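Engineer: Provided below are the primary sequence and the corresponding predicted coordinates.
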Amino acid sequence: MDAQRDFAQRVASGVDTSSRHRSPALLAQARALVPLDTLRARAAARVLCAILEPAGATGEGQRPVCHLHDALVHELLAWFKADFFTWVNSPPCCRCGGSTRYRGLSPPTEEETAGLASRVESYECESCSAETRFPRYNHPGVLLRTRRGRCGEWANAFTLVANACGLTARYCLDFSDHVWTEIWAPHLSRWTQADSCEAARDTPLLYEQGWGKRLAYVLAFEAQGPVADVTPRYVISWREALGRRAALPEAWVSQHLEQATQRQIAIAPPRRREAMLQRARADATQLSACVVAGGGALPVVQELPGRQSGAIEWRAARGELGESASARQRRIAIRYSRRVVQRLAAALAKAMTDVQERGEQQ
């Protein structure tokens with residue numbers, strides 16, 4: 001029951017967070033902060049360069065962005081990371097600007113609670129001993145003002161900003177303690193990963209192959225829309241992922257998410273409902289294909305890095321620095337070889353059966 005209660009609470013939290021990503025007032029507030037015309041111009045220039053540059057000119061392991069939608073997502077991620085939002089390891093002293101050290105948690109004030117900060121970190125200045133508070137705000141409107149935080153704040157604010165720019169974005173929650181955004185690509189008819197902390201786009205295996213994480217549950221929340229279990233897209237081996245999900249029956253998980261989806265769809269505006277359901281059907285088909293294939297995708301050709309955002313000590317403590325290139329290549333080669341052998345064996349068995357049946361017919 002504890003596992004079910006924890007799962008239900010996470011779903012409720014994700015639904016609550018995503019509910020604000022379609023607020024007309026917040027969308028207008030975000031839209032006013034984004035240099036959208038500039039980003040669109042940069043995106044158009046990027047596509048033009050990709051068309052004019054000869055094949056391979058972008059460098060080994062880099063994919064040219066040849067579609068305007070993808071180019072806009074690329075530029076938005078780059079602007080958000082470089083110019084708009086700031087990562088916080090430990091906040092500077094509010095009195096003298098010096099470095100601080102973590103002291104513990106403090107109860108939120110009335111103002112902090114209004115910004116949906118259920119948790120407030122307290123820091124002590126190493127120079128003047130003043131206390132500096134770091135409220136972990138969960139209201140995207142407040143985050144547009146503070147423009148700082150860690151992955152929770154980044155993904156929350158970026159999902160709102162992406163929707164404000166006319167993109168269709170949803171909030172993704174990884175139970176192993178990370179969050180990011182997915183953006184619907186109309187020209188591909190699928191959801192694509194967009195991690196604002198890393199400025200990473202459409203690299204779903206970044207977390208397992210690059211960071212070395214072992215994912216169990218990744219849920220996606222569209223505002224007033226479906227709640228989807230998108231884990232198969234982000235894992236190399238679905239069989240291994242299932243082993244990490246043993247605490248909850250899969251039938252119960254599916255039923256709980258379906259009930260949450262129905263509640264959300266019921267309150268969605270009719271003009272958006274059909275488009276959401278079409279995206280949900282396409283996504284379900286693609287996720288089912290991932291399950292049948294055994295995982296989200298074969299390991300990508302380019303090397304994916306370990307986590308880049310955050311202090312190195314913090315990333316190391318979370319085990320997200322990734323592996324050495326040689327260790328990663330060995331692990332991927334083993335998994336890749338097993339999957340290839342399994343597929344070849346199945347194809348060979350089918351071919352032998354076909355030959356035998358033809359021989360009997362003759």
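Structural biologist: Sure thing, it's come through.
Engineer: okay, and the beta partners of the spatially most central residue of the chain?
Structural biologist: Centroid-nearest residue in the chain, with CA atoms, centre = their mean: residue 180, separated by 3.0 Å. For residue 180, the beta-bridge partners are residue 172 (DSSP bridges).
Engineer: list the contacts of stretch 274-283.
Structural biologist: 168, 184, 189-191, 222, 225-226, 228, 230, 261, 265, 268 (CB atoms under 8 Å, 6 or more residues apart in numbering). Any C-beta I mention is one placed from the backbone N, CA and C, and that applies to glycine too.
Engineer: I should have written stretch 99-109 there, sorry.
Structural biologist: 90-93, 117-127, 131-133, 135.
Engineer: just to revisit the earlier point, distance to residue 249 added to the contacts of stretch 274-283, as TSV?
Structural biologist: Listed next are the contacts of stretch 274-283 as TSV, based on distance: CB to CB, whole Å:
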residue	distance to residue 249
168	32
184	30
189	31
190	28
191	26
222	25
225	25
226	21
228	18
230	19
261	18
265	24
268	28
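Engineer: give the PyMOL command for selecting the buried subset of the residues you listed.
Structural biologist: With 16 or more other CB atoms under 10 Å as the criterion, this PyMOL line picks the buried residues out of the contacts of stretch 274-283:
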select buried, resi 168+184+190+191+222+225+226+228+230+261+265+268
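Engineer: please flag which of the contacts of stretch 274-283 sit within helices.
Structural biologist: Among these, DSSP state H puts 261, 265 in helices.
Engineer: so which of the contacts of stretch 274-283 are in strands?
Structural biologist: Members of the contacts of stretch 274-283 lying in strands (criterion: DSSP state E): 184, 190, 191, 228.
Engineer: now tabulate these in JSON lines and tack on distance to residue 53 and pLDDT.
Structural biologist: JSON lines is the format used below for the ones in strands among the contacts of stretch 274-283 (distance: CB to CB, whole Å; pLDDT from 0 to 100):
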{"residue": "184", "distance to residue 53": "28", "pLDDT": "98"}
{"residue": "190", "distance to residue 53": "26", "pLDDT": "97"}
{"residue": "191", "distance to residue 53": "28", "pLDDT": "98"}
{"residue": "228", "distance to residue 53": "37", "pLDDT": "98"}
